[in-house]
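Q: I'd like to go over a predicted model; first the sequence, then the structure.
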Amino acid sequence: MIPNRPFRPAPQNARDRLLEAGVKLIRTQGFAATSVGELCAEAGVTKGAFFHHFESKEALGAELAAYWSRSTSGFFTDAPFRQIEDPVERILGYLDLRLALIGGPTEGFSCVAGTMIQESFRTSEPIRAACRDSILGNADLFVADFAEAIETYGVEADARSLSLHMQVVIQGAFILAKTQDSDDAAAAMARDSLIHLKHYISLLFEKETVQ
């Protein structure tokens, strides 16, 4: 299993520590249940430092989605699967990496943006927009890969729709994982969903059955 914090450098300042505190606490207990005081305590900073960097908890939430997106996008853009020549194998390699990231505490492999959007899509426009950009931005990373696969294999499909569907399954897998009463069961449920997705993509492009 790959460590659950593989793509973010160690925090260098109070602002970074607050964002890392947000990653940990919001994935564990949700946005509404996380107070500014808890964020400060987790980050080891004062409330004065918090409000120096963020005008409100909502502002931190919106920036947290952007921070998460920058980190994950960089990680997946530079990952070894990007060197795979065949576009379908490249996409399957991404899903293999996603599978490798699943394990340990359920909150450790869930998505910050996916967690916040469920709570805040009607109550905070800045957070909704930031989470939209984060999740859909991740989908955008694979539109070109699907377009190449469609052309290479002569499949009638829409590249952006397929890329969005991949993110729908990943985000849905994280949500369903949270219904389980143990971390092991949660990880198993999430992995099963991604394995089914791998089978679907393999069948769509008439690749050999995947494991």
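A: Sure, I can see it.
Q: what's the closest non-adjacent residue to the most centrally placed residue in the chain?
A: In the chain, the residue lying closest to the centroid (Cα atoms, centre = their mean) is C111, at 4.1 Å. Using Cβ to Cβ, 6 or more residues apart in numbering and skipping the chain neighbours, the partner closest in space to C111 is F174 (5.8 Å). For glycine as for every other residue, the C-beta is placed from the backbone atoms N, C-alpha and C.
Q: how about the one you found, what does it touch?
A: Counting by Cβ atoms under 8 Å, 6 or more residues apart in numbering, F174 touches F109, S110, C111, G114, A190.
Q: go through the residues you listed and say which is closest to P80.
A: Nearest to P80 out of the contacts of F174 is F109 (Cβ to Cβ; 19.3 Å).
Q: on that earlier part again, next structured bit after the helix or strand that the residue nearest to C111 is a member of?
A: In this assignment (DSSP states H and E), F174 forms part of helix 159-177. Note on helix 159-177: by DSSP H and E, the next helix or strand toward the C-terminus is helix 183-204.
Q: per-residue confidence averaged over that next one?
A: Helix 183-204 shows a mean pLDDT of 97 in the predicted model.
Q: centre of the chain to that helix, how far?
A: With Cα atoms, centre = their mean, to the nearest Å as the basis, helix 183-204 stands 15 Å off its chain's centre.
Q: one step back: and which of the contacts of F174 is nearest A32?
A: Nearest member of these to A32, counting by Cβ to Cβ, is G114, at 15.3 Å.
Q: residues contacting that closest one?
A: C131, I135, Q171, F174, I175.
Q: which stretches of this structure have low pLDDT?
A: 1-7, 208-211 (pLDDT under 70).
Q: quick one: the strands in it?
A: Ranges of strands in the chain, per DSSP state E: none exist.
Q: which parts of it are helices?
A: Under the criterion DSSP state H, helices of the chain are mapped to 14-29, 36-43, 47-53, 57-77, 87-101, 106-109, 112-120, 125-140, 143-153, 159-177, 183-204.
Q: now for the contacts of F174: which two are most distant?
A: Farthest apart among the contacts of F174 - using Cβ to Cβ - are G114 and A190, which lie 12.0 Å from each other.
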